[in-house]
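1. requesting a structural model of the entry that follows:
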Amino acid sequence: MKNPIPRSALEHHIAFVGKTGSGKTGSAKSGIVEPALSAGERVCVVDPTGAWWGLRLGVDGKSQGLPIYVFGGDHGDFPLLASQGEMIAEAIGETSTPAILDTTKLKTGERMRFFTDFADAILRVNRGPLRLVIDEAHLFAPQAGTRGAGAMPDMLHAANNLISLGRSRGLRIVLISQRPAKVHKDSLTQVESLVAMRLIAPQDRKAVEEWIADQADKETGREIIASLPTLKTGEAWVWSPEADFLKRVAFPMPATYDSSRVQLGKTAKRLSPIDVEKLQANFAKVKTEAEAKDPKILQRRIAELEAATRKATPPAPDKDAFAAAEQRGFERAKKQFGPAADRAFHQVIKDAFGKASEMIGEMKREIDATFTHSREQLAKPSSFVEFTPPAAAALPRAAARVTPAPRRAPPPNAGNGDAPALGAERRPLAALVAVYPAGMTEAQWAVAAGLKRKGGTWSTYLSRLRTAGCIEKQGEEYLATETGVAAIGDAVQPLPPPGPELVKFWKSKLAGVGPMLDVLAGRYPDAITREELAAQIDLAAGGGTFGTYLSRLRSPGLIEVDGSNVRCSPSLMGVP
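-> Numbering: from 1, shown residues only. Sure, this is the predicted structure:
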């Protein structure tokens, strides 16, 4: 059966969105994962649901399915721990073995830690095309992540960077979510194709509508939005604006076992009844441990012990017994350690006298040499005494002072040496090092790093980098210092020179602006009116989408706007 998703769309990031039971997982299996595994392609599934292990079995749940390893969960070939994110990313990114990362056994905080480390590492180590499926994507890129506590903000930034920068590292990411309204907009707007399945909640349909407004003509999406609540299981709208593809399709059933199906009736696994005695014992243990840590109970117990101590009358000390015990201890110590202590004492005295004798002899030789040299100088026939320094062996010579060579800026790929250890702020620093020794405005820098300039996270990164001495500000531009370059080393790709490659770079960083930037680059150095520009990209010159795209290009200084005329910035094109 022909794949409902066009081949060109499979080369980009894709999002599957739909309520529970709409067929998201099954459609992603039959439309993307199963064909990729059958073709021997590299696949990795991040699975917080425990529903993907069935890929290893045939549709009957007994026969052989597709070859894929499982880390973690109830059906894992290997365990999966919160501390293994970077290690597993290295294993997957540098090999051809497909894998499922089942995080169902991890606690919420452990899952965040694992994914943060995994997402950071897979960007660095991946080699070649890799289909990366992230199920329940709203758990890893939550819309409310910047306001979350603990590890959540770091996980969100790791997820956004993974999706923003992943394609250049060979990653083809598939996001799956039953709640598109809860997926962070910076992640959702990075996908080029959308598979919209049954959605009922108004806020989730609104999230799809916002994606449509950002990626294509809003009018075109009205039919889709209206039909979302009535789509059947496995039925979806597949929309890929860049591939010029929009079609209502029905996905085939997966060819592998549906391991997400709940077992009912006779096929359900039989479970033992509750062991009441064991449960009561556990409750008692938990209660005892809780009381042992309860400050009020501890304070009351301490007060009781102090009161009992005050009331108690201590027994009179037996002075004779103390004296006898002290004497016995002295005799044992003398017998056990006395000979060794005597030998050690005598050896210390001997060594001290030996060193003192050597020092006195050396001082005597130096004094004799000095006086001998002085008498020789006085014996010379002259009208005055000419004193020259004694030989080098006679007096110690002062160490020569060396003027340090002037510092030179290291090359862009300098080693990291004693560079400071960096955390999540390493990513924005890498974007700044990419243009070393030049600099960027703050707006350009934030876009190049794939981060939002407004918010506490960006300010925190700047503060950490200033404190570590990795950046400096000159006028309106930020520049990486020698320390910053050393901290990144050769792990950064230099920014392309002005011209087509630099235009391509900025297009990859700014969602939706590609057509507008292509038109402006093609007309450079001539300007173009707003109305003509809007007409060439099929948008209204007074519309919100057109204004948004202009703002995205204008903020980092990629275009110049003079009244109603717009043109590319000379710094982008590299010609006057």
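2. surely L101 forms part of a strand?
-> Yes. Per DSSP: H, G, I helix; E, B strand; the rest coil, L101 lies within a strand segment.
3. S569: neighbour count?
-> Using other C-beta atoms under 10 Å, S569 is surrounded by 16 other residues. In this view, the C-beta of every residue, glycine as well, is placed from N, C-alpha and C.
4. residues contacting it?
-> 557-560 (C-beta atoms under 8 Å, 6 or more residues apart in numbering).
5. what about the residue positioned nearest the centre of the chain, which SS state?
-> For the chain, D120 is the residue whose C-alpha lies nearest the centre (C-alpha atoms, centre = their mean; 3.6 Å). At D120 the chain is in helix, as set by three-state DSSP.
6. got a markdown table for the contacts of S569, with secondary structure too?
-> Below are the contacts of S569 laid out as a markdown table (three-state DSSP):
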| residue | secondary structure |
| --- | --- |
| G557 | coil |
| L558 | coil |
| I559 | strand |
| E560 | strand |
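7. share the number of residues neighbouring S260, please.
-> S260: 15 surrounding residues under other C-beta under 10 Å.
8. circling back to that earlier point, now rank the contacts of S569 by neighbours and give me the top one.
-> L558 (25 neighbours).
9. just checking, that residue touches F505?
-> No. The pair L558 / F505 is not scored as a contact, 10.5 Å apart, by C-beta atoms under 8 Å.
10. on that earlier part again, ok, the contacts of S569 vs M516, which is closest?
-> Nearest to M516 out of the contacts of S569 is I559 (C-beta to C-beta; 8.7 Å).
11. just to check, S38 is in contact with I68?
-> No. Applying C-beta under 8 Å as the test, S38 and I68 come out as separate, 11.4 Å apart.
12. host element of M155?
-> Taking DSSP states H and E as the criterion, M155 maps to helix 152-165.
13. then that helix to CSV, C-alphas only?
-> Output of helix 152-165 as CSV, limited to C-alpha atoms (Å, rounded to 0.1, in the frame of the first residue of the first chain):
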residue,chain,number,x,y,z
MET,A,152,12.0,21.3,33.6
PRO,A,153,13.5,24.5,32.1
ASP,A,154,16.7,22.8,31.2
MET,A,155,14.8,19.9,29.6
LEU,A,156,12.6,22.3,27.6
HIS,A,157,15.7,24.1,26.2
ALA,A,158,17.3,20.8,25.3
ALA,A,159,14.2,19.7,23.5
ASN,A,160,13.8,23.0,21.6
ASN,A,161,17.4,23.0,20.6
LEU,A,162,17.2,19.4,19.5
ILE,A,163,14.3,20.1,17.1
SER,A,164,15.7,23.5,16.0
LEU,A,165,19.2,22.2,15.2
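14. residues in contact with G128?
-> Counting by C-beta under 8 Å, 6+ apart, G128 touches 42, 170.
15. what pLDDT does it get?
-> Per-residue pLDDT puts G128 at 92.
16. let me know the secondary structure of it.
-> Under three-state DSSP, G128 comes out as coil.
17. quick check: M155 vs A446, distance?
-> 20 Å (C-beta to C-beta, to the nearest Å).
18. and these two? which has more neighbours close in?
-> Using other C-beta under 10 Å as the criterion, M155 and A446 rank with M155 on top: 25 against 21.
19. can you tell me how far A325 is from G76?
-> Between A325 and G76 the distance, using C-beta to C-beta, works out to 62 Å.
20. of the two, who's got more company?
-> Neighbour totals were compared for A325 and G76, and G76 leads with 18 against 11 (other C-beta under 10 Å).
21. assumed that one was part of a strand.
-> No. Under three-state DSSP, G76 falls outside any strand and is assigned coil.
22. can you map out the strands along the stretch 451-576 of the chain?
-> 471-474, 477-480, 528-529, 559-562, 565-568 (DSSP state E, counting those that start in this stretch).
23. nearest to L199, of the contacts of S569?
-> For those, the residue nearest L199 by C-beta to C-beta is L558; the value is 35.4 Å.
24. got the contact list for the closest one?
-> Neighbouring residues of L558 by C-beta under 8 Å, 6+ apart: 506, 517, 568-569, 572.
25. Q493 too?
-> A434.
26. relative to A89, how far out is it?
-> Q493 sits 19 Å away from A89, going by C-beta to C-beta.
27. returning to that earlier point: next SSE after the helix holding M155?
-> Moving toward the C-terminus from helix 152-165, the next helix or strand (DSSP H and E) is strand 171-177.
28. which residue sits closest to L156, ignoring its sequence neighbours?
-> Excluding its sequence neighbours, the residue lying closest to L156 (C-beta to C-beta, 6 or more residues apart in numbering) is G145, at 3.1 Å.
29. tell me the contacts of the closest residue to H138 other than its chain neighbours?
-> Nearest-residue entry for H138: K182, 3.9 Å, with adjacent residues in sequence omitted and distances by C-beta to C-beta, 6+ apart. By C-beta under 8 Å, 6+ apart, the residues touching K182 are 138, 142-144.
30. mind checking which of these are buried?
-> 138, 142-143 (16 or more other C-beta atoms under 10 Å).
31. okay, these in JSON lines with pLDDT next?
-> Output for the buried ones among the contacts of K182, formatted as JSON lines (pLDDT from 0 to 100):
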{"residue": "H138", "pLDDT": "94"}
{"residue": "P142", "pLDDT": "93"}
{"residue": "Q143", "pLDDT": "89"}
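32. now secondary structure and distance to P202 too, for these, in TSV please.
-> Conversion of the buried ones among the contacts of K182 to TSV gives the following (DSSP: H, G, I helix; E, B strand; the rest coil; distance: C-beta to C-beta, whole Å):
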residue	secondary structure	distance to P202
H138	helix	17
P142	strand	19
Q143	coil	16
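33. of those, closest to T256?
-> Nearest to T256 among the buried ones among the contacts of K182, with distances taken as C-beta to C-beta, is H138, at 25.0 Å.
34. if I pick that closest one, what's in contact with it?
-> Listed by C-beta under 8 Å, 6+ apart, the contact set of H138 reads 177-180, 182-183.
35. next one: it from A438, what distance?
-> From H138 to A438 the distance is 39 Å (C-beta to C-beta).
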